[in-house]
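Trainee: Need a 3D model of the sequence below.
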Amino acid sequence: MTIANTVNKKVIIGVQSAKGTVCAADLATAQTLRFMKFPQGQTNETYSSNEMRPDQQVGDVNLGPQEMPGSCNGELSPKTYKDFMAAVLRKAWTAGVSMNVAATANVAAATTSGAAGTFTRDDVGGSFITDGFKVGDVVRWTGWDPGAANNAHNMLITALSATVMTVLALDGVPIVNEAKGGTVACSVVGKKCWTPTTGHTEDWMTIEHYFSDVDLSEVYYDCKVSSMAIKAPATGIPTIDFNILGLQVNDLLAGASPYFSAPLAITTTEVVLSGKAIVFFNGSRQVLATGIDFEAKGNNAVMAPVLGTNVKPGISDKRFEVTGNISVYFEDATVRDLFKAGTEVAIYAVFPVSNAANADFIAIQIPRAKLTGASKDGDAEIIQSIPFQAIFNSAGGSTVNTEATTMSIQDSAIS
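Mentor: Residues are numbered from 1 along each chain as shown. Sure, this is the predicted structure:
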């Protein structure tokens, strides 16, 4: 007798063209997932008869409307969960911007301290802001000669004006001084996705669970991703969790499985490492941070049932919100006083896969947040736990150095 084993289970996801339209079996963009756990199943409301009978027992039970809840738990890695992330943020991934070519011979580089530095341009061909760069973006420069150490290094933008880009090299290599004159270029690495102000997408998904041991599939469709949680401890591998809501399922019998005929193979990107993470909080790098968590929720809800069918009519979208928590060693009153004063802060975090100059990474931008606490505890050194609520950055937009959003994610591996 063969019993299905998790190690032989495959999960493939595809973005539907519309609600009620199952992805085609030969969908070219169907993606095989890497995961640690991914349970999903059918549940039904049940109704027990309340009749009073001579035998004094329950005479019947009926099955009511169905749902297909699931949860995906994985290790954070670039590109792997891009479809789920886009579904939560309600926007398609957008290619990173590049510097206007008219300015490429008018930029000077200067080191400031450690791995921090500046790139200053003449006001030629626009500005860094009109080009579309934002604080929290990770960029790479090319074309510097003789300052080759400035080339192909991941650099986090920590401050930005029209003519000055202040950066921190993620690998710790100092910026090299170089005068303007060479032909250089700068681009935001990979693609970005953020919750927009208008034009929100609504992604419905088909999710296949293929149990290869027994050649059976469960194909869940009309599914939505309702939340995403990223947890990064001080050491180890950060994790990512998604909550799934679903409406319908097709059970494929042996011989008919798998459903997706030629899905993309799993991604080959490395997992990110907490030990390489960079966290900026209120404009300062947090070198004593012991962990950071983010939870993005669409607050989706399965709609109430209707007469004549056990399939509920839909999954409604509600307000998008982001909460989180950062923990740091307690060394002074700075963070505590930010909380007490109700000061708004910006939070930027980058999670590279290694210390290589051009390592793949995932970066998270929260341009505006309010601290909601500052508790302290510890058996030895005291750690301060700082919960926060992200707020829509109404001051952001195309003419300033921040995005008009609550949360933005940058993934270097998406081309």
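
Trainee: Doesn't Ser226 lie inside a helix?
Mentor: No: counting by DSSP: H, G, I helix; E, B strand; the rest coil, Ser226 falls outside a helix, being strand.

Trainee: from memory it sits against Ile244, does it?
Mentor: Yes: judged on Cβ atoms under 8 Å, Ser226 makes contact with Ile244 at a distance of 7.1 Å. Quick note: C-beta positions are derived from backbone N, CA and C, even for glycine.

Trainee: Tell me which residue of this protein is furthest from the middle?
Mentor: Taking Cα atoms, centre = their mean, the residue of the chain most remote from its mean C-alpha position is Pro54, at 59.0 Å.

Trainee: any idea how far that one lies from Ser48?
Mentor: 18 Å (Cβ to Cβ, to the nearest Å).

Trainee: Who does the nearest residue to Glu218 once chain neighbours are set aside form a beta bridge with?
Mentor: Computed as Cβ to Cβ, 6 or more residues apart in numbering, the closest residue to Glu218 that is not its neighbour in sequence is His209, at 4.8 Å. Counting by DSSP bridges, His209 forms beta bridges with Val11, Glu218.

Trainee: Where do the helices of the stretch 251-400 of the chain begin and end?
Mentor: For the stretch 251-400 of the chain, the helices defined by DSSP state H, counting those that start in this stretch cover 334-341.

Trainee: Quick check: phi and psi on the residue farthest from the centre of the chain?
Mentor: phi -60, psi -30 (degrees, to the nearest 10).

Trainee: The closest residue to Ala395 other than its chain neighbours - how many residues pack around it?
Mentor: Nearest residue to Ala395 in three dimensions, chain neighbours excluded: Thr402, at 7.1 Å (Cβ to Cβ, 6+ apart). Neighbour count for Thr402, taken as other Cβ atoms under 10 Å: 19.

Trainee: What's the separation between Thr402 and Val167?
Mentor: Applying Cβ to Cβ to Thr402 and Val167 gives a distance of 16 Å.

Trainee: Pass me the low-pLDDT residue ranges in this structure, would you?
Mentor: 254 (pLDDT under 70).

Trainee: tell me the contacts of the closest residue to Val345 other than its chain neighbours?
Mentor: Leaving aside its sequence neighbours, Val345 sits nearest to Asn282 (Cβ to Cβ, 6+ apart; 4.2 Å). Contacts for Asn282 (Cβ atoms under 8 Å, 6 or more residues apart in numbering) come out as 335, 338, 343, 345-346.

Trainee: roughly how far apart are Asn282 and Ala256?
Mentor: Asn282 is 56 Å from Ala256, by Cβ to Cβ.

Trainee: Kindly report the same for Gly20.
Mentor: 21 Å.

Trainee: Also Asn310?
Mentor: Distance from Asn310 to Ala256, by Cβ to Cβ: 23 Å.

Trainee: give the contact list for Arg90.
Mentor: Neighbours of Arg90 in contact, by Cβ under 8 Å, 6+ apart: 195-196, 200-203, 298, 317, 320.

Trainee: and if we set it to 6 Å?
Mentor: Taking Cβ atoms under 6 Å, 6 or more residues apart in numbering, we find Arg90 in contact with 195, 200-201.

Trainee: same question, Phe388
Mentor: So Phe388 contacts 324, 369, 371 (Cβ under 6 Å, 6+ apart).

Trainee: Please work out how many residues are found near Ser398.
Mentor: Neighbours of Ser398 (other Cβ under 10 Å): 9.

Trainee: and what of Ile13?
Mentor: Neighbours around Ile13, by other Cβ under 10 Å: 27.

Trainee: correct me, but it touches His209?
Mentor: No: Ile13 lies out of contact with His209 (Cβ atoms under 6 Å); the separation is 10.3 Å.

Trainee: wait, is Asp83 part of a helix?
Mentor: Yes: under three-state DSSP, Asp83 sits within a helix.

Trainee: And it, how far from Phe242?
Mentor: Distance from Asp83 to Phe242, by Cβ to Cβ: 10 Å.

Trainee: Quick one: the strands in the stretch 301-415 of the chain, in order.
Mentor: Secondary structure of the stretch 301-415 of the chain (DSSP state E, counting those that start in this stretch): strands at 301-302, 315-316, 321-329, 344-352, 361-371, 375-377, 383-390, 408-411.

Trainee: Make TSV from those and add distance to Ile266 to it.
Mentor: Below are the strands of the stretch 301-415 of the chain laid out as TSV (distance: least, Cβ to Cβ, whole Å):
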stretch	distance to Ile266
strand 301-302	30
strand 315-316	27
strand 321-329	28
strand 344-352	19
strand 361-371	17
strand 375-377	40
strand 383-390	31
strand 408-411	16
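
Trainee: wait, which of these is closest to Ser187?
Mentor: Ranking these by proximity to Ser187 (Cβ to Cβ) places strand 408-411 first, at 11.8 Å.

Trainee: Mind listing what's buried along the closest one?
Mentor: 408-411 (16 or more other Cβ atoms under 10 Å).

Trainee: Please identify which two of those are farthest apart in space.
Mentor: Those two in these that are separated most widely, counting by Cβ to Cβ, are Ser408 and Asp411, at 10.8 Å.

Trainee: Return the set of residues that bridge with Val311.
Mentor: Beta-bridge partners recorded for Val311 (DSSP bridges): Gln66.
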